[in-house]
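**Student:** A structural model of the following input is requested.
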Amino acid sequence: MFMARYMTRSMLRFAVGAAAGYVLAVRPWHLRWGADDGEVHGEMAGDDIVSMPQYQATRAITVDALPAAVWPWLVQLGGYTEASAEGDATIEQQGLKVGDTLHPGDEGAVFIVEQADPPHTLVLVHRGQDAATTCSISLREVDDARTRMVFRTRIKAEPGLSGTLFLARVDLADFLTVRRQMLTIKSRAEPAR
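**Tutor:** Have a look, this model is predicted:
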């Protein structure tokens, strides 16, 4: 009996400690992975679509290529996974326009192109049963050879249990998905070394 109580308390302490560590250290880091203060707090295209979000993440990475070289890979957002075929971006995929649909994640969510300003801005919107989501991507030329790629995700969930569960499920999954997408775009857009 004593051992069972001791194990239960130990497991509870571990769970509370792990949750606190996630909330205090891991979550703040992944919500702004690679982004500087200006990128985190600055306005982006599409911010007005989801006002007062319960979830906002701004992530950034520098790509050793100009926006025009990054854009073709960006617009394939829904077209690649770890197992996707290698190859060049096609002209058809570069012609992304407002109203087109993309499937950028593994969960099967459909995003609609709300704004496309090649090769600088792409805003995607998903209006689901549990939440409204925007994914805004900005490609900003840093110098004559590099681009700053900034992704912002904003989510406003429906009130109640289903919205709360949706936010909890999305929190870490969004980071893992967006990070993988950003690193894939970077590796494909940069010239071979």
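**Student:** So the residue lying closest to residue 97 once chain neighbours are set aside versus residue 189, what's the distance?
**Tutor:** Nearest-residue entry for residue 97: residue 116, 5.9 Å, with adjacent residues in sequence omitted and distances by CB to CB, 6 or more residues apart in numbering. To be clear about C-beta, it is placed using only N, CA and C from the backbone, and glycine gets the same treatment. The span separating residue 116 from residue 189 equals 17 Å under the rule CB to CB, to the nearest Å.
**Student:** Which one's more surrounded, the two?
**Tutor:** residue 189 (23 against 19; other CB atoms under 10 Å).
**Student:** Now do the contacts for residue 189.
**Tutor:** With contacts defined as CB atoms under 8 Å, 6 or more residues apart in numbering, the neighbours of residue 189 are 63, 65, 69-70, 72-73, 147.
**Student:** Dump those residues into CSV; add distance to residue 111, pLDDT and neighbour count as well.
**Tutor:** Listed next are these as CSV, based on distance: CB to CB, whole Å; pLDDT from 0 to 100; neighbours: other CB atoms under 10 Å:
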residue, distance to residue 111, pLDDT, neighbour count
63, 22, 98, 24
65, 24, 97, 21
69, 23, 95, 19
70, 19, 96, 26
72, 18, 92, 20
73, 17, 92, 25
147, 22, 98, 27
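**Student:** can you map out the helices along the protein?
**Tutor:** Residue ranges of the helices in the chain, as given by DSSP state H, are 2-21, 27-31, 37-41, 67-74, 91-94, 161-189.
**Student:** Brilliant, that's me finished.
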